[in-house]
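Trainee: Got a predicted model here, sequence first, then my questions.
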Amino acid sequence: MPSTSPLSAETDRIRRSEILLHGPYDLAGKPDQALRVVFMSSYGYAYSLLAGGPAALYDLINRRPQVPAVAERAVAYECLVADANRLRTPGGEPYRSIENPAPVAEADIVGVSVTNAGDMHSVLRLLDLAGIPRRTAERAAGRHPLVVGGSGGLANPEPMADYLDIVALGDAEHSVLELIDLVHRNRDLARTALLEQAARIPGLYIPSLYEHDLLPGGGTAAVRPRTLTVPATAQPQYLTAADLGPAHFTSPISDGSCALVIANLGCRHSCHMCTLGVPQFRNAPIEELTAYIDTLERHRVRKIIISSPTFTQYKHRYQLLDHIAAYADRAPEPVSVIIGSVRADEVTARYLDAVARVDPGHLFTELQLDAPRGVITIAPEFAAGDLVRIFGKTMDETRVERALDLCRGHSHFGTVMLYFMVGAPGETAEDRLAIADYAHRVHQRLQRSDAAVIVKIQQFMPKPGTTSQRLPMADPDLVDDWITAIRNRLTTLAGPAHDRFRVLWGERSRLLLEAVCDRGDRRIGHVLETLHDAGTDFTCLTKAQLETALAAHGLTFTHHLRAIADSEVLAWQSVNTVQPGAEQQLAAALRNRLAVSA
């Protein structure tokens, strides 16, 4: 009897470990000639279970018998062999899904998620791994799958325009099901004709159907549909909570170690550098969440991740926390909860009491600090109060202090995690150093010998789809020195208590990629392909490597850092929804701030 291959052995092991938290799938009643849809993930298996978008679509396709498709998953398996920046299967066998030994390349539709613009290169790695031609122009109907991309990393989809056939914008539960139905009914249709029909589905963007006039050195002169039947723009589709399946709010599969709950979608605030306030705010049905917690209890899943950006805004937060606490009280072993960041101006004594009952932690805090486990995460973003206001934040330091006073009176909470940005237009060196002063004041305000403060610093990146999208960005090469200065100042301020602080940073390579992928035109995909073919390790990409690749395509790095003038066409114009007046008002406020500080 032939031995089982490492890939088959791993997928067998995965299937044996899986718990279907929403119940089994009945695929026997699927329509004839059901399509094969494979969601590929650049992450390992455990992390892929927490990827809400693909998991929700996987569950929806397999849960509904009338959908003419069967969904599968293919991940970065442990047995894959790393070869520079590439991955290959052991022994050269075809890359397969967890559910099906047939090659992924034989699927009808392949889905890829890009969670961060700096990870766009993973699309190339996955396509190579699967043996699917990278470029859309190289794929033929009936021979190669449609490649559909999605998630927030494609807010500017243009760098991937020559590699993704379709980009799903916003919530994809309706658009992807319509696409599946379209493909199922038109198996023999030429690919261009099929894509022209897909372009009429709300929430789908077809890059190949738009012509871009590109400028020397970078930038886009004009964008227009190639035919009169293609809409001038593609808009994201956002659905009501009632239109979203249960798996949009709760992970459908667990390996027994943890499970994900998304209590609410979006944010009630609209800060100028954030996309969370773009879609309508929606609460998950509490009945679905409490029933899900009961399911976790039956299966003894004891780590629960509440991945809500603003859990304090969830309407039924106390009912959910009480339900989890009741499970924890009954469980023979500890039950822990990891909660995403909260708004300091929404923290109350009641909230802290409720959270304390469920042993709260944080995704970043396996920090080896001699401190209470209870972690409160607060995102001031800026230490300068006027920058907080200019960017539309409402979390001034007075409100943060009020939240800290509540924490001080609660024995369970002694660790505060602060999120800050550096490199925003209008920022000064003093503004950056003030982050250290802010963190030190937070520690003093807690008035506890065991208090700890974690400072998580990110570089300001003007994101497509936000009011700040045209603003300039700082050169990521500068940030390391800024972080060093902040650390040194904090060490000086803290004195003997310096070990109660931690400054988290270390993302230069990703930021270099983000700088060009967030702002770049269609040539950036070719730059990534050049780097990919050279075997570049994207986790330690240098500016010199990136600049060399950009130059090979007639581009420069500095072009992508500059402010984009109001008169310029955005590379992502076909999917842009931001009002110009809001952009201009923000830019003027920052210019005025700089003029005053000068």
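Mentor: Good, I have the coordinates.
Trainee: Correct me if wrong: residue 251 contacts residue 52.
Mentor: Yes - between residue 251 and residue 52 there is a contact at 7.2 Å, judged by CB atoms under 8 Å. In short, each C-beta sits where N, CA and C put it, glycine included.
Trainee: Return every residue with contacts to both of the two.
Mentor: Common contact partners of residue 251 and residue 52 (CB atoms under 8 Å, 6 or more residues apart in numbering): residue 260.
Trainee: okay, these two: which has more neighbours?
Mentor: Between residue 251 and residue 52, counting by other CB atoms under 10 Å, residue 251 is the more crowded of the two (24 against 20).
Trainee: Leaving out sequence neighbours, find the closest residue to that one.
Mentor: Leaving aside its chain neighbours, residue 251 sits nearest to residue 260 (3.9 Å; criterion: CB to CB, 6 or more residues apart in numbering).
Trainee: per-residue confidence at the one you found?
Mentor: For residue 260, the pLDDT comes out at 94.
Trainee: what's the spacing between it and residue 539?
Mentor: For residue 260, the distance to residue 539 (CB to CB, to the nearest Å) stands at 25 Å.
Trainee: out of those two, which sits in the more crowded spot?
Mentor: A direct count of neighbours by other CB under 10 Å for residue 260 and residue 539 places residue 260 higher, at 23 against 8.
Trainee: Check which helix or strand the more buried one maps to.
Mentor: Taking DSSP states H and E as the definition, one finds residue 260 inside strand 259-261.
Trainee: Could you do residue 147 as well?
Mentor: Using DSSP H and E, residue 147 maps to strand 146-150.
Trainee: helices or strands up against the helix or strand that comes right after that strand?
Mentor: Going down the chain from strand 146-150, the next helix or strand is strand 166-168, by DSSP H and E. Under the contact definition 3 or more CB pairs under 8 Å, 6 or more residues apart in numbering; DSSP states H and E, strand 166-168 sits against strand 146-150, helix 173-185, strand 204-205.
Trainee: Strand partners (parallel or antiparallel) of strand 166-168?
Mentor: Note on strand 166-168: by DSSP bridges, its sheet partners are strand 146-150 (parallel), strand 204-205 (antiparallel).
Trainee: Adding mean neighbour count, write the ones you listed out as CSV.
Mentor: Below are the strands paired with strand 166-168 laid out as CSV (neighbours: other CB atoms under 10 Å):
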stretch, mean neighbour count
strand 146-150, 25
strand 204-205, 25
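Trainee: now those in JSON lines, with distance to residue 89 and mean pLDDT?
Mentor: Shown next, in JSON lines, are the strands paired with strand 166-168 (distance: least, CB to CB, whole Å; pLDDT from 0 to 100):
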{"stretch": "strand 146-150", "distance to residue 89": "19", "mean pLDDT": "96"}
{"stretch": "strand 204-205", "distance to residue 89": "31", "mean pLDDT": "97"}
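Trainee: between the ones you listed, which one is nearest to residue 313?
Mentor: For these, the distance to residue 313 is smallest for strand 146-150, at 24.7 Å, taking CB to CB.
Trainee: what does the closest one contact?
Mentor: 53, 108-114, 123, 127, 132, 136, 139, 157, 160, 163-169, 172, 176, 179, 183, 194.
Trainee: same deal with stretch 375-389?
Mentor: The contact list for stretch 375-389, computed with CB under 8 Å, 6+ apart, reads 271, 273, 339-344, 347, 352, 360-362, 365, 391, 393, 395-397, 400, 403, 407, 413, 415-421, 424, 426-427, 431-432, 434-435, 437-438, 593.
Trainee: do stretch 529-536 as well
Mentor: 84-86, 121, 124-125, 128, 134, 538, 541, 545-546, 549, 552-553.
Trainee: show me where the stretch 451-598 of the chain has helices.
Mentor: Ranges of helices in the stretch 451-598 of the chain, per DSSP state H, counting those that start in this stretch, are 479-494, 508-519, 523-533, 543-552, 580-597.
Trainee: rank the ones you listed by mean pLDDT and give me the bottom one.
Mentor: Lowest mean pLDDT within these: helix 580-597, a mean of 89.
Trainee: Check residue 403 and give its pLDDT.
Mentor: Residue 403 is assigned a predicted lDDT (pLDDT) of 84.
Trainee: Ok, residue 561 next?
Mentor: 95.
Trainee: try residue 341
Mentor: For residue 341, pLDDT reads 63.
Trainee: Over to residue 367?
Mentor: Confidence at residue 367, expressed as pLDDT, is 41.
Trainee: Start at 47, not 1
Mentor: Got it, the first residue is 47 from now on, which makes the last one we talked about residue 413.
Trainee: still on that earlier bit, show the contacting residues for the residue nearest to residue 297.
Mentor: Each residue near residue 306 by CB under 8 Å, 6+ apart is listed here: 95-96, 98, 296-297, 351, 353.
Trainee: Name the nearest residue to residue 609, sequence neighbours excluded.
Mentor: The spatial neighbour of residue 609 that comes closest, neighbours along the chain excluded (CB to CB, 6+ apart), is residue 518 at 4.2 Å.
Trainee: if I look at the one you found, how far off is residue 169?
Mentor: 27 Å.
Trainee: do the same with residue 581
Mentor: Residue 581 is 17 Å from residue 169, by CB to CB.
Trainee: Looking at those two, which has the bigger crowd around it?
Mentor: Neighbour count, other CB under 10 Å: between residue 581 and residue 169, residue 169 has more, with 26 against 10.
Trainee: The more buried one belongs to a strand?
Mentor: No - counting by DSSP: H, G, I helix; E, B strand; the rest coil, residue 169 is located in no strand; its state is helix.
Trainee: ok, it to residue 81 distance?
Mentor: 21 Å.
Trainee: And for residue 534?
Mentor: Between residue 534 and residue 81 the computed distance is 58 Å (CB to CB).
Trainee: now swap in residue 523 and tell me
Mentor: As for residue 523, its distance to residue 81 is 47 Å (criterion: CB to CB).
Trainee: who's more crowded, those two?
Mentor: Each of residue 523 and residue 81 has its neighbours counted (other CB under 10 Å); residue 81 has more, 23 against 13.
Trainee: List the contacts of the more buried one.
Mentor: Contact partners of residue 81, counting by CB under 8 Å, 6+ apart, are 114-116, 154-155, 226, 229-230.
Trainee: Spatially, which two of those are the most separated?
Mentor: Within these, two members stand farthest from each other by CB to CB: 116 and 229, at 13.3 Å.
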